[in-house]
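**Student:** just a sequence and a predicted model for now, questions to come.
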Protein chains: 2
Amino acid sequence: MALIVQKYGGTSVGSIENIQKVAERVIESCERGNRLVVVLSAMAGHTDSLIKLSREIAETPDPRELDVLMATGEQVSVSLFAMAVKSMGYDCCSLLGFQAAIHTDQFYGRARIRKIDTDRLFKELEENRVIAVAGFQGIDEQRNITTLGRGGSDTTAVALAAALNADLCEIFTDVEGVFSADPNICTHAKKLKRVSYEEMLELASLGAKVLEIRSVEFAKKFNVPIHVRSSFTRNEGTMVVAEDREMERVLVSGVVFDRNQARITMVKVPDRPGIAFKIFDPVSKAGIVVDMIIQNTSAEGLADLTFTVTRTDFQEAIELVREVAKQIGAEKVLGDQNIAKVSIVGLGMRNHAGIATTMFDALSKENINISMISTSEIKISCVIEEKYTELAVRSLHEAFGLGDEKQED
Amino acid sequence: MALIVQKYGGTSVGSIENIQKVAERVIESCERGNRLVVVLSAMAGHTDSLIKLSREIAETPDPRELDVLMATGEQVSVSLFAMAVKSMGYDCCSLLGFQAAIHTDQFYGRARIRKIDTDRLFKELEENRVIAVAGFQGIDEQRNITTLGRGGSDTTAVALAAALNADLCEIFTDVEGVFSADPNICTHAKKLKRVSYEEMLELASLGAKVLEIRSVEFAKKFNVPIHVRSSFTRNEGTMVVAEDREMERVLVSGVVFDRNQARITMVKVPDRPGIAFKIFDPVSKAGIVVDMIIQNTSAEGLADLTFTVTRTDFQEAIELVREVAKQIGAEKVLGDQNIAKVSIVGLGMRNHAGIATTMFDALSKENINISMISTSEIKISCVIEEKYTELAVRSLHEAFGLGDEKQED
């Protein structure tokens, strides 16, 4: 008898009919002898309409109260789901953040889970109940409602699996699993059977939207096996698990891209100690994350400093940087929002030389210019012109032979 | 500096605009030096749409989960309201049932408040915050969400006023106060300035919909003065307070009616001891409340037994009674749903004879037949044919001189 935590996203519970289908699927798993804890997101569209409502009340709604409002989304899903399961003759009870004792810090809208008290959860499991836990929400020390931010239900599921020492965490979503590339771009993209936490972390942070990055960090830390799969089919998806020897043989697991990228260049910066701090301090204080940074120093003691931020943060970042540029006497500040980041990820990179060369070669053959490069142990990212995104992904996918072998590429 | 609990109903918070108006009104009261605890209902229509949603999932939705679902209605109102107050520059925080520590028994859908822990409430008041409490909801001993039933927000408000030892409980609603009769029927109905808890209890249980009866019981028990008034005007409403000498001089305070009535008659029942128990035991076990009961015994040892229930319970009740009739050998069972109950209420009845006579006389002058009568210390109720309801109310209103003296009746 296995203890399984399942998570269903907003589309999976997007209608009464879909909620009933999820209930049936959960009951099937119970009938195979499993004990089930089911984490649900808000019904698709619900969260957005709540945000809209709050904006009608106040331009910048109070963060504490916004979390109280947002938390109703998952409360609706879990209660309807529990009704569905009960009406099918199985015992079930919903638990909200405060009832499941999901304790977080106090950062409204982006809280982090600190601890889960499992007493109530184990009590309900012992009563042979399916437990439906509201994803995305918790409580802080003062019993205020907090939310974990978009995609937080994945984190709820993995954190619960870790706290309950569950055998498996199944993440049901609207895609079939993790692919070697976006199947909308590479028609022959292959579903990966197994991928390591490390690779998944890179894939998630570099643009793959299939799992929320914090949930993968949690899974890695507590060694929770994750099965990412479709809620609309019965096919096996992708297992996200600890690294093993088999995995290291794979040079490149996948190609990912991210269009939410923009570049800012400060031209002819006096190259003195402390300059980088002066430039990046106001940016980081504004909560803006800087991704890649490149500095070219010229002979005259003047440097060009280039860095990337998300396109969402671009406007705010460039205004802050223009302010600094005036103060330190840089010549000018340039911005470019028509860029994309294309990356390859694979455990095998650690031990194999020549992978970067293959990547650069594939891109140059298509006359795609690389403006920035960043590498880690298991990934290489290149910034290119946005218009070449699909071409770059397809070329790299082919160059590393990632396609489904059964089909012609 | 007074501590005031205010309650606003569903229509008062039925739109973003209305929520903002409530926020303004609350702030006005703060600026007059008061400390405010504000209890809100769900936005008008919200509760009904949640019920509809639950019915799509299951014919008879699980009561525990229905309460979890219902509780989101007030959660939405209080969070939006708190955002509105904060955006106007005043500090405010919302508290849900579990945060305001409103402890109830475990009867889902109709829970009763047992105790309120006021620690958090006083803490927030000391921080000079307006507190927005979600009406209608609480938690049981196991921290399950419970709801108090329709109109439960009135009870929340009065219970909070009692627990906090507040100076006043203001119930804002869509009418101007308590009237001598329904102004839709008697155009010259008079707004009552003051009414006793006892009278209000009778008025509420006999058909006046302005206050939920349990809230009046609470107010009486803890001597909480209630001010019932309109959320759409600034006019004074009706004070519901402890009885005083002045009130006893008023013979009749108001005329009320209730159309949700039906009559069941069991004809020619063998008149043996224990028969009444046999008839009413299954009815009460089905949770059906029997109101008036009349028994006429004839010479042959056969009785006719007539009683009233709400029209909502009529079908279920008559089926149960038909079953009993067969068992005990009664001749037949008759039902009548075209009846109404008209009542007069007044503290002065205690010490004055002749009030019943005046009532019967007024009805007979209009040729209205009285089929059942029930009396208590401060009320007289008559069951009549439904079609005479308005006529009866108007005649009684005039017979006891209850109209507004400034206007012609």
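**Tutor:** All right, it came through fine.
**Student:** domain-wise, how is chain A divided?
**Tutor:** Structural domains assigned to chain A are A:3-174, A:255-399, following automatic domain parsing.
**Student:** let me see the mean pLDDT of the first one.
**Tutor:** To tie it back to what came earlier, the one meant is domain A:3-174. Domain A:3-174 shows a mean pLDDT of 96 in the predicted model.
**Student:** what about the residue of the stretch 201-350 of chain A found nearest chain B, neighbour count?
**Tutor:** Closest approach between the stretch 201-350 of chain A and chain B, counting by CB to the nearest CB: residue A:231, at 17.7 Å. (Each C-beta comes from the backbone N, C-alpha and C, glycine too.) Using other CB atoms under 10 Å in any protein chain shown, residue A:231 is surrounded by 21 other residues.
**Student:** who are the packing partners of the helix or strand encompassing residue A:390?
**Tutor:** Element membership for residue A:390, per DSSP states H and E: helix A:389-399. Applying 3 or more CB pairs under 8 Å, 6 or more residues apart in numbering or on different chains; DSSP states H and E, one finds that helix A:389-399 contacts strand A:254-270, strand A:332-345, helix A:355-365.
**Student:** ok, back up a step: so what's the residue of the stretch 201-350 of chain A closest to chain B up against?
**Tutor:** Listed by CB atoms under 8 Å, 6 or more residues apart in numbering or on different chains, the contact set of residue A:231 reads A:8, A:9, A:11, A:12, A:21, A:22, A:25, A:172, A:173, A:174.
**Student:** and the residues you listed as CSV, adding distance to chain B?
**Tutor:** Listed next are the contacts of residue A:231 as CSV, based on distance: CB to the nearest CB, whole Å:
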residue, distance to chain B
A:8, 15
A:9, 19
A:11, 18
A:12, 15
A:21, 12
A:22, 12
A:25, 16
A:172, 19
A:173, 23
A:174, 22
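**Student:** make a markdown table out of the residues you listed and add distance to residue A:69 and secondary structure.
**Tutor:** Shown next, in a markdown table, are the contacts of residue A:231 (distance: CB to CB, whole Å; DSSP: H, G, I helix; E, B strand; the rest coil):
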| residue | distance to residue A:69 | secondary structure |
| --- | --- | --- |
| A:8 | 22 | strand |
| A:9 | 20 | coil |
| A:11 | 22 | coil |
| A:12 | 23 | coil |
| A:21 | 28 | helix |
| A:22 | 24 | helix |
| A:25 | 30 | helix |
| A:172 | 26 | strand |
| A:173 | 25 | strand |
| A:174 | 25 | coil |
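**Student:** end to end, how far does stretch A:217-230 reach?
**Tutor:** The first and final residues of stretch A:217-230 sit 22 Å from each other (CA to CA, to the nearest Å).
**Student:** likewise for stretch A:128-142?
**Tutor:** End-to-end for stretch A:128-142, by CA to CA: 31 Å.
**Student:** quick one: buried residues of it?
**Tutor:** Neighbour-count burial for stretch A:128-142 flags A:129, A:130, A:131, A:132, A:133, A:134, A:135, A:136, A:137, A:138, A:139, A:140 (criterion: 16 or more other CB atoms under 10 Å in any protein chain shown).
**Student:** now do stretch A:12-29
**Tutor:** A:12-14, A:16, A:18-23, A:25-27, A:29.
**Student:** can you list the residues of the stretch 51-200 of chain A near chain B?
**Tutor:** Residues of the stretch 51-200 of chain A found near chain B (CB under 8 Å from any CB of the partner chain) are A:53-54, A:56-59, A:61-62, A:64-66, A:68-69, A:71-72, A:75-76, A:78-80, A:82-84, A:86-87, A:93-94, A:96, A:98-99, A:120, A:143-145.
**Student:** how far does stretch A:161-171 sit from the chain's center?
**Tutor:** Relative to the centre of its chain, stretch A:161-171 is centred 18 Å away, using CA atoms, centre = their mean, to the nearest Å.
**Student:** over to stretch A:275-287?
**Tutor:** 25 Å.
**Student:** who's in contact with residue A:258?
**Tutor:** Contacts of residue A:258 (CB under 8 Å, 6+ apart): A:206, A:207, A:340, A:341, A:343.
**Student:** could you redo the last one with a cut-off of 10 Å?
**Tutor:** For residue A:258, the contact set (CB atoms under 10 Å, 6 or more residues apart in numbering or on different chains) comprises A:205-209, A:291, A:308, A:310-311, A:339-343, A:381, A:383, A:389.
**Student:** beta partners for it?
**Tutor:** Following DSSP bridges, residue A:258 is listed with bridge partners residue A:341.
**Student:** for it, give its distance to residue A:393.
**Tutor:** 11 Å (CB to CB, to the nearest Å).
**Student:** can you give me the strands in the stretch 151-300 of chain A?
**Tutor:** Secondary structure of the stretch 151-300 of chain A (DSSP state E, counting those that start in this stretch): strands located at A:168-173, A:194-196, A:226-230, A:238-241, A:254-270, A:293-297.
**Student:** rank these by pLDDT, which is bottom?
**Tutor:** Among the strands of the stretch 151-300 of chain A, strand A:293-297 scores lowest, with a mean of 84.
**Student:** mean confidence score for the next helix or strand after it?
**Tutor:** For strand A:293-297, the following helix or strand on the C-terminal side (DSSP H and E) is strand A:302-309. Averaged across strand A:302-309, the pLDDT comes to 91.
**Student:** figure out how far strand A:302-309 is from the centre of its chain.
**Tutor:** 27 Å.
**Student:** tilt between whichever helix or strand comes after that strand and strand A:332-345?
**Tutor:** Downstream of strand A:302-309, the next assigned helix or strand under DSSP H and E is helix A:311-328. On the basis of axes from the mean of the first three to the mean of the last three CA atoms, to 10 degrees, helix A:311-328 is oriented at 140 degrees to strand A:332-345.
**Student:** need the CA coordinates for helix A:311-328. CSV is fine.
**Tutor:** Extracted in CSV, the C-alpha atoms of helix A:311-328 (Å, rounded to 0.1, in the frame of the first residue of the first chain):
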residue,chain,number,x,y,z
ARG,A,311,11.3,41.6,-20.1
THR,A,312,8.8,42.2,-17.3
ASP,A,313,11.5,44.0,-15.3
PHE,A,314,13.1,45.8,-18.3
GLN,A,315,11.4,49.2,-18.0
GLU,A,316,12.1,49.6,-14.3
ALA,A,317,15.6,48.3,-14.6
ILE,A,318,16.7,50.6,-17.5
GLU,A,319,15.4,53.7,-15.6
LEU,A,320,17.4,52.8,-12.5
VAL,A,321,20.5,52.1,-14.6
ARG,A,322,20.1,55.4,-16.5
GLU,A,323,20.1,57.2,-13.2
VAL,A,324,23.4,55.5,-12.1
ALA,A,325,24.9,56.1,-15.5
LYS,A,326,24.6,59.9,-15.0
GLN,A,327,26.1,59.7,-11.5
ILE,A,328,29.2,57.7,-12.6
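**Student:** may I see the buried residues of that helix?
**Tutor:** Buried residues in helix A:311-328 (16+ other CB under 10 Å): A:311, A:313, A:314, A:317, A:318, A:320, A:321, A:324, A:325.
**Student:** can you name every helix or strand that that helix contacts?
**Tutor:** strand A:254-270, helix A:275-285, strand A:302-309, strand A:332-345 (3 or more CB pairs under 10 Å, 6 or more residues apart in numbering or on different chains; DSSP states H and E).
**Student:** repeat that with 6 Å
**Tutor:** Packing partners of helix A:311-328 (3 or more CB pairs under 6 Å, 6 or more residues apart in numbering or on different chains; DSSP states H and E): strand A:254-270, helix A:275-285, strand A:332-345.
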